[in-house]
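# Pasting the sequence and the predicted coordinates here, then a few questions.
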Amino acid sequence: MSTVVLIHGTGVRRPGFSALAGHVTAGLTAVHDGLRLVPYYWGETYGARLAAGGASLPPEEGIHRGIGEDFVVAQPTASDRDDDVAAWAVRYADPDAELALAAAGGSAERPPGSDLSEQHIQERLTVLTARGDDLAVEWGTEAMVAVAGLRTELNQAAVRMRVHPLLGPAADALGQDALASLVARALVAHAVAAALDSGNPLIPDGYLRDAIVDHLAQDLGAAPDGSERGVRTRLLGWAGAAASHAVVRRRRALTQAAHPAAGDVLRYLSRGQDVRADLRALLADLESPVTLIGHSLGGVIALDTLVTTALPQVRLLVTVGSQGPFLYESGSLPSLVHPDPLPAHVPDWLNVYDPRDLLSYLGAGLFPGRVTDAAVESRQPFPAAHSAYWTNPDVYRLIAERLP
């Protein structure tokens, strides 16, 4: 009889693991006769937990500050801070979001020969890009050293904004002051988003960011502290500010609920020898042929165990939505460091992944001839895709085809 050992992933605890084991057993036995499933539950003994009841968590209300005498920032209320964070989250995800909302209220058609509402802001943007490196110097505040890290991104954003197709409709809908403030926020959103994508390590905090926005807005023609509350309110409605409020206010409860997932990874990478030893002891009592199926971190545990110990009774390794290949390539896998080859005693390896699961990685390119990567489609976005494997019949079919 073929034995399948199921190794769960991060954050799984009872009774969830019992339900998972039952579902996988039913899924495999439906497509393959004569199987014995042995669940390996490591979460309770070797998983992470907040041993001191969450003493490491900050209080709900943090410490807030201004940025010095050169630029005065009013201290917002907790509700306003949450709203602000929610709005900027949308801007970083889509730096043109506010511009699009404003443009929706503009004129669909312009009469021939009419003045272009955006001409003034375009001229200001031209002057702004021409100043380039002089921005931080001209603004004359220590806080503006942050703009040095975003200089290239801000300049590129300003060049693109001059010819943005939404600039004209937005200018029709807004006054010059409101348009200047909105464009300043869009420029900074573009710059920060580009900096994050490129790995730029110098990202301004919220106070510095707001100072940069205000200086840019004034350079573009806005009065000091100009803003357009109506557009911002609509943007917050899109962002789901209420959800942001709930996250901040419930940080302790959310952390206590979610910490096993992140904590399990950190604990395993620093103290994984015990769980590997425990798995080896379990496998020593099983007769060949044995298949190891590991989901997420469970796949990493299975791979590390097989790399460090020759276990001839194990004939197949199946990793599902797992990070082993990425940890190996990045130098973080405890048992093997790139470019060292996969030991000859590691058995046949089937690696199942979903292209939409951002926690699944490929192994065939790293271990040619030793790993078979098999894609499945859950039709779920991430992070749901990371947990949708076990209700996908294709996963069981792929495994059944390879079982010894």
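That came through, no problem. Numbering: from 1, shown residues only.

# unless I'm mixing things up, Pro325 is touching Gly363, no?
Yes - counting by Cβ atoms under 8 Å, Gly363 is a contact partner of Pro325 at 4.1 Å. Backbone N, C-alpha and C define where each C-beta goes, glycine included.

# Between the two, point out the one with more neighbours.
Pro325 (27 against 24; other Cβ atoms under 10 Å).

# Show the subsequent helix or strand relative to the helix or strand containing the more buried one.
Taking DSSP states H and E as the criterion, the element that holds Pro325 is helix 324-329. Using DSSP H and E, the helix or strand that follows helix 324-329 in sequence is strand 348-353.

# Assign Arg36 to helix, strand or coil.
strand (DSSP: H, G, I helix; E, B strand; the rest coil).

# That one and Leu6 touch, don't they?
No - using Cβ under 8 Å, Arg36 makes no contact with Leu6, being 11.2 Å away.

# Of the two, give the one with the bigger neighbour count.
Per other Cβ under 10 Å, whichever of Arg36 and Leu6 has more neighbours is Leu6, with 24 against 14.

# can I assume the more buried one sits in a strand?
Yes - counting by three-state DSSP, Leu6 is part of a strand.

# need the contact list for it.
Leu20, Ala21, Val24, Leu37, Val38, Pro39, Tyr40, Ile293, Gly298 (Cβ atoms under 8 Å, 6 or more residues apart in numbering).

# between those residues, which has the most around it?
Among the contacts of Leu6, Gly298 has the most neighbours (other Cβ under 10 Å), with 28 neighbours.

# coming back round to it: quick check: neighbours shared by Pro325 and Gly363?
Contacts common to Pro325 and Gly363, judged by Cβ under 8 Å, 6+ apart, are Asn351, Val371.

# what sits against Arg271?
Contact partners of Arg271, counting by Cβ under 8 Å, 6+ apart, are absent.

# If you could redo that for Leu220, that was the one I meant.
Applying Cβ under 8 Å, 6+ apart, the residues near Leu220 are Ile121, Arg124, Leu125, Leu128, Ala180, Val183, Ala184.

# 6 Å - rerun?
The contact partners of Leu220, by Cβ atoms under 6 Å, 6 or more residues apart in numbering, come to Arg124, Ala180, Val183, Ala184.

# Without its sequence neighbours, what residue ends up closest to it?
Distance criterion Cβ to Cβ, 6 or more residues apart in numbering; nearest residue to Leu220, sequence neighbours excluded, is Ala180 at 3.9 Å.

# Can you list the buried residues in the helix or strand that neighbour falls within?
Per DSSP H and E, Ala180 falls inside helix 176-198. By 16 or more other Cβ atoms under 10 Å, the buried positions in helix 176-198 come out as 176-195.

# for the record, mean pLDDT for that helix?
If you average the pLDDT over helix 176-198, you get 88.

# and if you look at stretch 293-310?
97.

# And the pLDDT at the spatially most central residue of the chain?
Geometric centre of the chain, nearest residue: Leu358, 8.3 Å, by Cα atoms, centre = their mean. pLDDT, Leu358: 90.

# can you give me phi and psi for it?
In terms of degrees, to the nearest 10, the main-chain angles of Leu358 are phi -70, psi 0.

# same check, this time on Arg356
According to degrees, to the nearest 10, Arg356 has phi -90, psi -10.

# what sits against the nearest residue to it once chain neighbours are set aside?
Nearest non-adjacent residue to Arg356, counting by Cβ to Cβ, 6+ apart: Ala385, 4.3 Å away. By Cβ under 6 Å, 6+ apart, the residues touching Ala385 are Asp354, Arg356, Asp357, Ser378.

# Wasn't Ala385 part of a helix?
Yes - counting by three-state DSSP, Ala385 is part of a helix.

# Quick check: the gap between it and Phe17.
Note on Ala385: its distance to Phe17, by Cβ to Cβ, to the nearest Å, is 20 Å.

# can you check Asp285 too?
Counting by Cβ to Cβ, the gap from Asp285 to Phe17 is 21 Å.

# So which of these two has more stuff around it?
Phe17 (18 against 8).

# Output the lowest mean pLDDT helix or strand found in the chain.
Across the helices and strands of the chain, mean pLDDT, DSSP states H and E gives its lowest value to helix 241-249, namely a mean of 43.

# Please put the alpha-carbon coordinates of stretch 372-384 into CSV.
Output of stretch 372-384 as CSV, limited to C-alpha atoms (Å, rounded to 0.1, in the frame of the first residue of the first chain):
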residue,chain,number,x,y,z
THR,A,372,8.5,19.0,-12.8
ASP,A,373,6.5,22.2,-12.4
ALA,A,374,2.8,21.8,-13.0
ALA,A,375,0.5,24.8,-13.2
VAL,A,376,-3.1,24.8,-12.0
GLU,A,377,-5.8,27.5,-12.3
SER,A,378,-8.0,28.2,-9.3
ARG,A,379,-9.6,31.3,-10.7
GLN,A,380,-9.0,33.0,-7.4
PRO,A,381,-7.0,36.2,-6.7
PHE,A,382,-4.1,36.2,-4.2
PRO,A,383,-4.2,35.5,-1.3
ALA,A,384,-7.2,33.2,-1.8
